[in-house]
Structures are given as C-alpha cells and as structure tokens.
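Trainee: Sequence unavailable; structure follows:
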C-alpha cells in the first residue's frame, strides 16, 4: 500500500497501516493525517516525518475518499526555509540575488551531516524543481557538486516568506512606512507641528530604506506612538503615574516606555526628559536645612527655628514675594546621608541637598541673595560633572569642598564612560580650578576614595569654619 502511495506521490490516510486508506497528493512533499494520533506529519521521499502539526481533535480532519487530492497546508517542509528566511531578513535592502554558501547554510540549519543532511538535501532539490526558478542551487560546472544557495532578487523574497507563512521584509517596510505616514497626520500641539512632520517623513524614508528606526521596531509600535503624541500634547504639570493613566490608560505604562519616548522627543524637540513637557517622577521640591525666610502675601515664614531638614515646593519658591537668608554661606551636598549628618550639627549655614540640580533647586539658588556658594560632593567623574552642572545652570561660582583625589589601597579603574566624562570635564574652561585633581584621577586610572562619606566630618566642619573666618 505504501509503495503505491509513493508511486502516486501520495501517502495513505487511515487509522492503521493495514486499514482503509485515503490518498492525499500535496503541493510539495508527502502528507499523512493520522486519525489515531491527531497530527499531520510531513516528510520527503518516504514516511519519515520532518514536521508534525498537531490538531486538537482528529475529527477536525475532513472526510476523504480514496483518490482524493488536496493541497497541503502552507507549512515549512523542515527548518531549512525558516533558517533561510532569518538569514535573508538580516540582510540589507536587496537589489541583487541573495546567495549563501551551500555547506555553510546546511550547518546553520543544523543539517550538516547524518540523516538530517540527507533529508534536507532531498528537500532542497525538490523545492528547487518546483520554485519556478526563484530558488536554485548553483553547482560546480564539472563535478555538479552544490556550491551556493541562490534566491532570486525578482520574486524570491515573496516566494520564500509566503512559503513559511510570514510577512516579507519588503512588506514589513511598506507597512512601517504607511504607519509613519498616517502618524504624520495626527493632531500635535502647534509649536511642534513642523518638527513632527519632518520627523515622520524621515521615518517613512528610513522604513523604506530598511534603515534603523529607533526607538521603534518592526512590530508593536502603536502604543509608543500614542504615548508620544500624548506627551507632546500634555498641558500643565503632573506626576508621571497620573499622566500615564490619562495618556495610556495605564498608570505604569509611561515609565515602561520612558527611555524610548525620550529618544523620540530628543529627535523631534531637542528636549531629553519628560519633565520638559510637565511630567514629573516626583513633586518638584528641594530639601533644605538652615535659616531661610519666605515673604508670602503680607506675612513671612521663617524656617530658621526648625531643628531638622524641611522640603520646600517649587511652587512656594515661585509664589514667594521675597526669598532671603541671614546665612553667609550656602552649601549644596550631593548625597542625602551626608546632608543629614551635617544638618544635625546646626552649622548656621544654608544646606541644600542636590545632585544634578532640578528646577526647584535652580529656582531657589536664583532667588538667594549674593553669598558664598560651596558644593560638597563625590570626587569621581560624576561628582565633578555635578559641580560643572551647578555652575553652568545657576550662574553661581560654586567652590568645591574637599573634592580632591584620594588614592585607594585597591585601585578602582575608570569605565569607558567615566574616562570620556573626565576628558570632557578637563577640557571645560569652567572647571579649570579642579583640573589638576581630575588629571590625577585620569593619569592613575583610579577613582580612589571618591565617596564623600569617606571624608571625616571634622574635616568638613573645619573647612566651613575656615570659610567663615575668611569672610570675617
């Protein structure tokens, strides 16, 4: 029975080898739907299965009579063509035939030897004969040995991806281009409209060229685009989870998309944070300790009597008619732990806790009277970068407190990013006074004992006392 089936290009369909048979002639290969096992097995040149597709119930197989022919479901004959599709998909936009070494291809398809190779080579020859010339094997002119797998530039891609039931790269590019074309028509806040149209147009071009589309990918872009439009159209100031619920219908979604959103926002607007659009991770506020007086309306609020630190909202700083302090020194402190230790000592100076200064810190410093400004932070590249940021964004001459290179017993080498940051800072004119310390770090390739917590508190107090004496 099976011999006749092979001769006819078919295999029997039945519950057992010796039972009644139904013949199926598929488009490629041979198919055996088994009522007993509820699966479709696909093989080449015989009964040995290469791919099996399981059905929930055998009853789903249509009733057939002997001699019936039907096309086989569009499934790959084996992993060969999945592998070929992956290799093709990784290539750039193609105008010429796609080729790959025959032996290399078989190895990549895990069919380099043994039974897998025999079956795979049969499959390749069969498909070559039925592909209409779009898939071929280049052979040595004398020996006839296979040399190269070739997929024709004209029609090959469509044939291959249709064969494995996936969207072709060309179709993906067209769909992405259409997606960005439609996005360009969405309603955007007036100030961003020209930049939005230019950006969408560039994405259309990049999609058609097969170029990178960061922060977008091949699929799943709709929610990112919706969130991006929502951020550009956001009005007022809100915390991120509230804004996320309004924009995405999910209070955590904006945070999940934030890095990709920032990439897009930077390209469109030049802004590199959600804060620029009124969306904040936490309330804009500054933590302080020491004498500070705010005049609001007809009254004054004097924080000098508070023994511990306090937090001041940026709104209160903005609304105050006047911000003043009897202190002669304002010192910013990078790390909160050190800030709290200094606050316990009631030094009579205005302490401000900050790393890279947010808008609340910048507003407060802008409203303070002329006084001496100090900064106590870590003495690593990031710490010096905070000092630079404070100077540049506030316009004040912040003097570093004990931010000198302190060698460590066990060298702490710089990372690539830290080395680049240090080189940038050394070249910055505003950092000339600490250039020598930064060069020591660079030359020794050692951050040393950089954490400000390693500085003795008595040393810090002595430094502040000396600053008071110099002002006197």
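Mentor: Structure received. All figures in this text were calculated on a predicted structure; none of them were measured in a lab. Numbers count the residues shown, from 1 in each chain.
Trainee: Residue 282: neighbour count?
Mentor: 8 (other CB atoms under 10 Å). C-beta coordinates here come from the backbone N, C-alpha and C atoms, glycine included.
Trainee: in stretch 272-283, what's buried?
Mentor: Using 16 or more other CB atoms under 10 Å as the test for burial, stretch 272-283 gives 274, 277, 279, 280.
Trainee: repeat for stretch 319-338
Mentor: Buried residues in stretch 319-338, counted by 16+ other CB under 10 Å: 320, 323, 325, 327-335, 338.
Trainee: re earlier: farthest pair in the buried residues of stretch 272-283?
Mentor: The span of the buried residues of stretch 272-283, defined through CB to CB, is set by 277 and 280 at 9.9 Å.
Trainee: Return the subset of the buried residues of stretch 319-338 lying in helices.
Mentor: Taking DSSP state H as the definition of helices, those contribute residue 338.
Trainee: Now render the buried residues of stretch 319-338 as TSV, adding pLDDT and distance to residue 392.
Mentor: As requested, these are arranged in TSV below (pLDDT from 0 to 100; distance: CB to CB, whole Å):
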residue	pLDDT	distance to residue 392
320	94	25
323	95	22
325	96	23
327	95	24
328	93	24
329	95	21
330	96	17
331	97	18
332	97	14
333	97	19
334	96	16
335	95	21
338	96	23
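Trainee: and which of the buried residues of stretch 319-338 is nearest residue 417?
Mentor: residue 334 (18.6 Å).
Trainee: Ramachandran angles for the closest one?
Mentor: Main-chain dihedrals, residue 334, degrees, to the nearest 10: phi -70, psi -50.
Trainee: Residue 147 too?
Mentor: The phi/psi pair for residue 147 (degrees, to the nearest 10) reads phi -120, psi -40.
Trainee: Could I get the contacting residues of it?
Mentor: By CB atoms under 8 Å, 6 or more residues apart in numbering, the contact list for residue 147 reads 101, 102, 137, 138, 139, 140.
Trainee: can you check residue 461 too?
Mentor: Counting by CB under 8 Å, 6+ apart, residue 461 makes contact with 345, 347.
Trainee: let's go with 10 Å and repeat that
Mentor: 342, 345, 347 (CB atoms under 10 Å, 6 or more residues apart in numbering).
Trainee: Is it located within a helix, as I assumed?
Mentor: Yes - with DSSP: H, G, I helix; E, B strand; the rest coil as the criterion, residue 461 is part of a helix.
Trainee: Check the gap between the closest residue to residue 454 other than its chain neighbours and residue 440 for me.
Mentor: Spatial nearest neighbour of residue 454, chain neighbours left out: residue 406 (7.2 Å); criterion: CB to CB, 6 or more residues apart in numbering. Distance check for residue 406 against residue 440: by CB to CB, to the nearest Å, it reads 10 Å.
Trainee: Name the residues contacting each of these two.
Mentor: With CB under 10 Å, 6+ apart, residue 406 and residue 440 have common neighbours 379, 446, 448.
Trainee: you'd agree the first one is in a helix?
Mentor: Put plainly, it is residue 379. No - using three-state DSSP, the secondary structure at residue 379 is coil, not a helix.
Trainee: Contacts only, for residue 173.
Mentor: Contact analysis of residue 173 by CB under 10 Å, 6+ apart lists 93, 206, 207, 208, 209, 210, 211, 213, 218.
Trainee: Need these in CSV (columns: pLDDT and neighbour count).
Mentor: Below are these laid out as CSV (pLDDT from 0 to 100; neighbours: other CB atoms under 10 Å):
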residue, pLDDT, neighbour count
93, 65, 11
206, 91, 18
207, 90, 22
208, 88, 15
209, 85, 12
210, 82, 16
211, 85, 14
213, 89, 16
218, 77, 14
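Trainee: which SSE is the residue lying closest to residue 101 once chain neighbours are set aside in?
Mentor: In space, and not counting its chain neighbours, residue 101 is closest to residue 148: 6.3 Å by CB to CB, 6+ apart. Assigned by DSSP states H and E, residue 148 belongs to strand 146-151.
Trainee: Give the partner strands of that strand in its sheet and their orientations.
Mentor: strand 98-101 (antiparallel), strand 135-139 (antiparallel) (DSSP bridges).
Trainee: Would you mind giving those as JSON lines with distance to residue 182 added?
Mentor: Formatted as JSON lines, the strands paired with strand 146-151 follow (distance: least, CB to CB, whole Å):
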{"stretch": "strand 98-101", "distance to residue 182": "31"}
{"stretch": "strand 135-139", "distance to residue 182": "35"}
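Trainee: circling back: from the contacts of residue 147, which would you call buried?
Mentor: Buried subset of those (neighbour count, 16+ other CB under 10 Å): 102, 137.
Trainee: end to end, how far does stretch 205-224 reach?
Mentor: 19 Å (CA to CA, to the nearest Å).
Trainee: who's in contact with that stretch?
Mentor: Contacts for stretch 205-224 (CB under 10 Å, 6+ apart): 89, 91-94, 167, 169-170, 172-181, 183, 202-203, 225, 228, 248-250, 253, 256-257, 259-267.
Trainee: I'd like to know which of those residues are buried.
Mentor: If you count burial by 16+ other CB under 10 Å, the buried members of the contacts of stretch 205-224 come out as 169, 172-173, 176-177, 179-180, 183, 203, 225, 228, 248, 253, 257, 260-262, 264-265.
Trainee: From these, which land in helices?
Mentor: Using DSSP H, the buried ones among the contacts of stretch 205-224 in helices are 169, 172-173, 176-177, 179-180, 183, 203, 225, 228, 248, 253, 257, 260-262, 264-265.
Trainee: No further queries at this time; thank you.
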